[in-house]
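*Asks:* the following block contains a protein sequence and its predicted model.
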Amino acid sequence: MFKDVIRKMLSHVISLSTSIWHNFYFHWQLKDKTGYLLLGAFIFVVALIPVLTYQLVQYKNIQHDIKCLALNIFHEARSESNAGQRAVASVTLNRVASKRYPNNICDVVYEKRWDRIRKRYVGQFSWTEFDRPPKLKSKAWYRAWKIAEAAYKEKDKQLLNGAIFYHAKYIKPSWARKKKPIAQIGSHIFYK
């Protein structure tokens, strides 16, 4: 008996929902849908704006990071081989990954720290101390940009055993005495 009651109720609910659906469908076919289409298009555009804006901002941020990385490669190693330029990019990216340095490329490149000897803030990369604008329409610049793009795309790879320091082999900075060199590529010596 209980099963019969449930069966009757279910059949009544199904027939009611079917008639409601048929009713809705019939009236929908008769209506002018221009308003609905315009409303749907408006909602779609409004929903799409934040997505496109986010993508555009992300693209600009990535391009800005790549430019900072390319500038660092260009100024620090433009006369080096591709491996030497890639090594400079690796040190920059390893610093970004390190907890001792800022967490984005441009902040790492332009970071300044207090120098007790000179009694002033000094750039981590010497070229950032100069005010002269670089000539960026050269083959060396385009090469640095290509290497920066490639390095940025592979930035999650740990390169040069995590090296975060380097210097040209023709200078002998005092800090280098306390560190063990891990590689020499071109005219640069790299340290962990």
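*Replies:* That came through fine.

*Asks:* quickly note the distance from the most centrally placed residue in the chain to Asn94.
*Replies:* With distances taken as Cα atoms, centre = their mean, the residue of the chain nearest its centroid is Ile62 (4.7 Å). Distance, Ile62 to Asn94, using Cβ to Cβ, to the nearest Å: 19 Å. The way it works is simple: take the backbone N, C-alpha and C, and place the C-beta from them, glycine included.

*Asks:* stretch 143-153 - what's its average pLDDT?
*Replies:* For stretch 143-153, the mean per-residue pLDDT is 92.

*Asks:* stretch 78-96 too?
*Replies:* Stretch 78-96 comes out at a mean pLDDT of 90.

*Asks:* touching it from outside, list them.
*Replies:* Stretch 78-96 has contacts (Cβ atoms under 8 Å, 6 or more residues apart in numbering) with 69, 72-73, 76-77, 101-105, 108-109, 140, 143-144, 147-148, 150-152, 155, 158-160, 162-166, 183, 185-188, 190.

*Asks:* A helix includes Gln184, no?
*Replies:* No - under DSSP: H, G, I helix; E, B strand; the rest coil, Gln184 sits outside any helix and is assigned strand.

*Asks:* next helix or strand past the lowest-mean-pLDDT helix or strand in the chain?
*Replies:* Using mean pLDDT, DSSP states H and E, helix 2-30 stands out as the lowest-scoring helix or strand of the chain, at a mean of 67. Tracing the chain C-terminally past helix 2-30 and defining elements by DSSP states H and E, one meets helix 34-77 next.

*Asks:* next helix or strand past that following helix?
*Replies:* Taking DSSP H and E, what comes next after helix 34-77 is helix 82-97.

*Asks:* just the buried positions in that next one, please.
*Replies:* Using 16 or more other Cβ atoms under 10 Å as the test for burial, helix 82-97 gives 84-96.

*Asks:* quick one: Phe190 is in a helix?
*Replies:* No - with three-state DSSP as the criterion, Phe190 is located in strand rather than a helix.

*Asks:* adjust the sequence numbering to begin at 53 for everything that follows.
*Replies:* With the count now opening at 53, the last piece we talked about shows up as Phe242.
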